[in-house]
Each structure stands twice: as C-alpha cells, then as structure tokens.
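> Whatever this is, show me its structure:
(chains A and B)
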Number of protein chains: 2
Amino acid sequence: MSKYVIGVDVGGTNVKLGVLNPSGKVLSRSSFSTKTFIKSSDSLIDAVCEAVLALAGKEGLLKRDIAGVGIGLPGLIDVDKGVVRVLPNIPGWSDVPLKRIMEKKLDLLVQLENDVNMITLGEWEYGAGKGIENLICMTLGTGVGAGLILNNEIYRGTGFAAGEIGHMPLNEEGPECTCGGWGCFERYVGNKRLQKEAAKIFGKNDISLEDVYRRAVEGKKKALKFWEMVGEKVGNGLVGPVNILNPECVIIGGGVSRSLEFMKSAIEGVIKRRCMKTQAEMVRVIKARLDDDAGIVGAEVLIRHEKKN
Amino acid sequence: MSKYVIGVDVGGTNVKLGVLNPSGKVLSRSSFSTKTFIKSSDSLIDAVCEAVLALAGKEGLLKRDIAGVGIGLPGLIDVDKGVVRVLPNIPGWSDVPLKRIMEKKLDLLVQLENDVNMITLGEWEYGAGKGIENLICMTLGTGVGAGLILNNEIYRGTGFAAGEIGHMPLNEEGPECTCGGWGCFERYVGNKRLQKEAAKIFGKNDISLEDVYRRAVEGKKKALKFWEMVGEKVGNGLVGPVNILNPECVIIGGGVSRSLEFMKSAIEGVIKRRCMKTQAEMVRVIKARLDDDAGIVGAEVLIRHEKKN
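Predicted structure coming up:
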C-alpha cells in the first residue's frame, strides 16, 4: 500500500509544504510567510495545520492516503517525545508538544525533526548521499550546521543536539561566538562574516554573496580569489570532523554552496594537506542536490522509518 | 551454553592475554615482550598463537569451550576483512590477513579490532560506560585517540579510521604534527609535550609525569597547578567533539588519566564556558575503570557481537 507523506519545512522567513509520493518525489507545493504568525506558537500551528489540509485537498488526498506529516523546524527538537524545545529565531516556542497538538488537530501521524537533520535525511535517501553509510551533510548559510549519517542511521546525539559543526573551535583565541564559545567555525564562514569580507575586498558595502557568485561565473579574478579563500576556510573547518568521523563524503548545501564549484579545489587541497592519510584519501566533497526541496523531501524518510519502528 | 573468550592486547612493548568468562571477568592472564618478535609479522603471529593455546591449556579449556579470540592491535585494522593494514609502531605489518592466518592455525573464531576501539568496547559494556548510548572513550598517552559509541554501536568510520580525536586541529597555525597536519590536539596534550612542559616548570629534565602525579597527591602547589593547566588543554580539545557529537559522557583512559582527579574541574570548567548549552549540561567527564585489563575485556563484546551477526 503506497501512501503519501506531507513534508513541512518551517523556516524563520517562510513555511514550505510539499506532497511527497513514496519515492520522495514532490507532487505539489505551497508556502506562506512565517512572520504573520509569530505572535504565538498557537497561531503558527493553526496556520501549518490549515496549509497541510489545503494541500492534501488540492491533491485530492483523503486521510487514509496519507502516511504522515513530517515537520522540520530550525531549533532543538526532542524527536522521541515530539516536543519543540526552542526555536532561536522564532519567538514564543519553548517546550511545545507539537506532535501531540498536531496529531489531535489533524488526526494524522506527525513526526518532528530538526531542519538540518531533515535535509540530511533527504540528501541521504534521494539526493547526493544515496546509498552512503557514513556522511556529513553541512549547510552553509547565516548559520553553519550539519546532519550526520553514521553506520547507516541518522545520529542525533544524547540531547538531539549533535551536528553542531559550526561550533567547533578552530582557534585557541578567535572571535567570540553567539553560542557562548569562541573561535567557532561559524565565525569564519557564516554569511555575515563572508559578507563583511566581500565588502572589504570589493570596496562596496552592499555587495551580496550572490553578486560575488555572479562575478565568479563571469570569470572575474577578484571574485574567484574570494571563493578560493572561503574554500580554504571551509576546508580548515572540515579537517577535525573528517579526522574524527572518517566519512565517505561531505555534502555541502545551503546558500553559499551555490559557489561550491569555485571553492571545491581549495577545500580538497586543505583536506589533502591537513587530514590524516586514510581519511583524506576516501572523503569526497559533493554538492547537495535537492536545493529548495531539501527541507521537505526528508519527511518521506522520517515517516517511513517511524512506521517501521 | 556459556563459552569463554580469549582477549589479546598487542602493544608496542608487551602482548597481554586474558581468559574472559561470559560476564567479561578476567579469569587468568599472561603476557610476553613484543620486542623479541618484531623481526617479522610471522614470528609475532606464531608467538601469539602459542600464548593463546598455552593460556587456554592453563585454564583447562578445550576448543569447544572457547567462543573465539579477540585481538586488539595498535593501528589501522580492516575489521570486516580481518586484515591489519598497518601498525605504525611495530615494523613489518602491512596488509596482513591476520584473521585468516590465525583461524587456520588455531581452528578458532578470530576477530580483530583497533586497540582503542577494543578499550572502548570494554569500558562500554563492563566499565565506566555501562548502559550509555553515546560516548567518547579517549585515551591520553603518547598518542591521543578515541573510540566512539554512537546510537548504541561502535562507530568505526568508512575506512575504520574514525575516532582520531588527537588529530583535530585546535589552532589555525599551531605546531606541525606527525600526521602531516598542524595544530593537532595531540601536540598539546601528548605525553612528550607534557613531559617537556613539566621539565620546564619543575626545572628538572628527567621528571616524569608519574612524579608530577605523586607530587599532586602530596598536595604540592606547583604540581596541582600543572595538572590544572593540562586539564584546560584537554577541555579545549573536547569542545569540538562534544559540540558535534553531543555525547552523554567522555571517558578518559590512558596513562595520564591517573591524574584525572586533579584535571577534572578544569576540564569541566572549559566545557561549561566554551561548549553549547545543551551539550555542556548533559556531558559527564569520567575516568576509565578497567585499567590494565581495558585492552582485553572488550574481546568478549567483540566476539559476542560477531557471533550474533
């Protein structure tokens, strides 16, 4: 009996939804702005439930056609209990038993997951990481996070907080970080820092990373140099995780990954120079493949695994 | 049918053996010097086989009483194929199919494992890590290594090289390392470096880390200060692994761990200051418990898991 899954990707800016067939294909999509509903968690939950039902209706799905709803959220999620512990960028969420609330409202199986883990599940099953036993799926954006597939399973850690690759220290001193630590990887390659560096290099305060990407596509030397420099930084941040986890590949997603073609040889160069021999020889650096659907497609994997347990 | 396991711990100095009952208890031990047999891998293999049979005989065990022989070796081990890839500190070992050779010689199941992973399996099942789902078991000595239990399983990595916590970079520059990288954790807390620091602090070239331990036990201020300083370094090296893996505990073994009582509050202090909130709150730093038997006891777990598969 092949059933459909509805994937929901809750972001600080938009909520995206998609109906997934049993092969992880997105059959139809919808989205709405998060901002209208950030007064309270209740109003956002209501909006998500309505959007789920509306999308199911549009696809002509009855409840018995739907295996479940998988929701990715940007924060600390107790996956086992179905509770959202905290969403740093969406106010009003603290210990919300979202699974229970939504299951009652929708009369459907609901499963929660951290957004980066959701992307990781999607890339692992339907994207760049297909068939790979051990991988790091890193997202480069304002924040730098990662999901880990280890021994053919998602690894979430004891408090569901694993994968914080952006908060590995790269220096004994180094700049202070929002996490309370210092010298964190995110301070070196987070969007804000990269934008600042770009502004300095190009002498233009409002230059965006997309601008620098486009200039690199046009073959402009300064832009190519910029991405090479970012690649060096990314490579340096990957040495520790690659040495400790000896993964088969590192998948790079998130906004900045668009420029991976211009960073890749620098990243690989650092790994070759600085990682241990076995680790360096076997790890491949590859681009995430699911793009905008990355946060939705993983819902199919999440619900399927849940049904098995 | 309860069967016995023979554990073998191959080190650069000594080979230790033990007969284990089904509860991981060491019933009897033997050992011999590695050095006599480092002319070739063949002579060392013969010596290990003889020692296994002698110990079994001493305990009055027949072959049918023995579930298998678990061997820990200090190097890169292909656990699935039963091949020793390389032992950095024992010459003459390169791609040796040790499992096949020994099974033929002994007519017993033989299973290989990296020595640090063997210690980790022992501590997890019979030592400080009993019942824990996610842990890092770190050994502090000349080298700094770790074994990882993640999602209730040993995690070996794609090329059996995972756990190289000693080769996480702690600094962008930092001292060059034997691994080819630079700024590695091991350069900060490996025995050689600590001994150098001790010599400087105490103005005595031949002071040993054991001496400094004893002075700390006696309450000498300089020695207490020394271990506090080491604790700071160890703590700084743990921030990255703890943030990425969100383990329930970090077990610390190896020679230097004897002084853990004098380092512990410094380690915990750094973790509290520098790690992310969730990770810092739940991780405990504990001392390894199996001491000299650590490299042997894991064999029981190794053989039991192998029998299940």
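
> from here on, contacts and neighbour counts on C-alpha atoms
Noted.

> ranges for the helices of chain A?
For chain A, helices defined by DSSP state H occupy the ranges A:41-58, A:98-106, A:115-126, A:186-189, A:191-202, A:209-217, A:221-245, A:260-274, A:277-282, A:294-308.

> Just the C-alpha atoms of the fourth one, please, in CSV.
In this case it means helix A:186-189. Provided in CSV are the C-alpha atoms of helix A:186-189 (Å, rounded to 0.1, in the frame of the first residue of the first chain):
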residue,chain,number,x,y,z
GLU,A,186,30.7,29.6,12.1
ARG,A,187,32.6,32.9,12.9
TYR,A,188,34.9,32.1,9.9
VAL,A,189,32.4,31.1,7.3
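
> So which bits of the stretch 51-200 of chain A are right by chain B?
When proximity is defined by C-alpha under 8 Å from any C-alpha of the partner chain, the stretch 51-200 of chain A lies next to chain B at A:133-134, A:150-151, A:155-165, A:167-172, A:179-182.

> redo that, cut-off 6 Å
By C-alpha under 6 Å from any C-alpha of the partner chain, the residues of the stretch 51-200 of chain A that approach chain B are A:157-158, A:161-165, A:168-172, A:179, A:181.

> filter those residues to the buried ones?
Buried subset of those (neighbour count, 16 or more other C-alpha atoms under 10 Å in any protein chain shown): A:157-158, A:161-165, A:168-172, A:181.

> Turn these into JSON lines, including pLDDT and distance to B:Leu62.
As requested, those are exported to JSON lines (pLDDT from 0 to 100; distance: C-alpha to C-alpha, whole Å):
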{"residue": "A:Gly157", "pLDDT": "98", "distance to B:Leu62": "43"}
{"residue": "A:Thr158", "pLDDT": "98", "distance to B:Leu62": "43"}
{"residue": "A:Ala161", "pLDDT": "98", "distance to B:Leu62": "49"}
{"residue": "A:Ala162", "pLDDT": "98", "distance to B:Leu62": "47"}
{"residue": "A:Gly163", "pLDDT": "98", "distance to B:Leu62": "48"}
{"residue": "A:Glu164", "pLDDT": "97", "distance to B:Leu62": "51"}
{"residue": "A:Ile165", "pLDDT": "97", "distance to B:Leu62": "51"}
{"residue": "A:Met168", "pLDDT": "96", "distance to B:Leu62": "52"}
{"residue": "A:Pro169", "pLDDT": "96", "distance to B:Leu62": "54"}
{"residue": "A:Leu170", "pLDDT": "96", "distance to B:Leu62": "55"}
{"residue": "A:Asn171", "pLDDT": "95", "distance to B:Leu62": "57"}
{"residue": "A:Glu172", "pLDDT": "92", "distance to B:Leu62": "56"}
{"residue": "A:Gly181", "pLDDT": "94", "distance to B:Leu62": "58"}
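
> Can you spell out the domain ranges of chain A, please?
Per the record, chain A has its domains at A:4-119+A:292-308, A:131-288, by automatic domain parsing.

> gap between the two ends of the shortest one?
Taking C-alpha to C-alpha, to the nearest Å, the first and last residues of domain A:4-119+A:292-308 lie 15 Å apart.

> And the nearest residue to A:Gly68 once chain neighbours are set aside, its phi and psi?
In space, A:Gly68 comes closest to A:Leu109 once its chain neighbours are excluded; the distance is 4.6 Å by C-alpha to C-alpha, 6 or more residues apart in numbering or on different chains. With angles defined as degrees, to the nearest 10, A:Leu109 sits at phi -60, psi 130.

> Just give the number of residues close to A:Leu109.
19 (other C-alpha atoms under 10 Å in any protein chain shown).

> From A:Arg187, how far out is it?
The gap separating A:Leu109 from A:Arg187 is 39 Å, by C-alpha to C-alpha.

> same thing with A:Val52?
Using C-alpha to C-alpha, one gets 37 Å for the distance from A:Val52 to A:Arg187.

> Return the most buried member of the helices of chain A.
Most buried of these by mean neighbour count (mean count of other C-alpha atoms under 10 Å in any protein chain shown) is helix A:115-126; its value is a mean of 27.

> Local confidence estimate at the residue nearest to A:Gly68?
We have a pLDDT of 97 for A:Leu109.

> The one 4 residues further on too?
On pLDDT, A:Glu113 comes in at 98.
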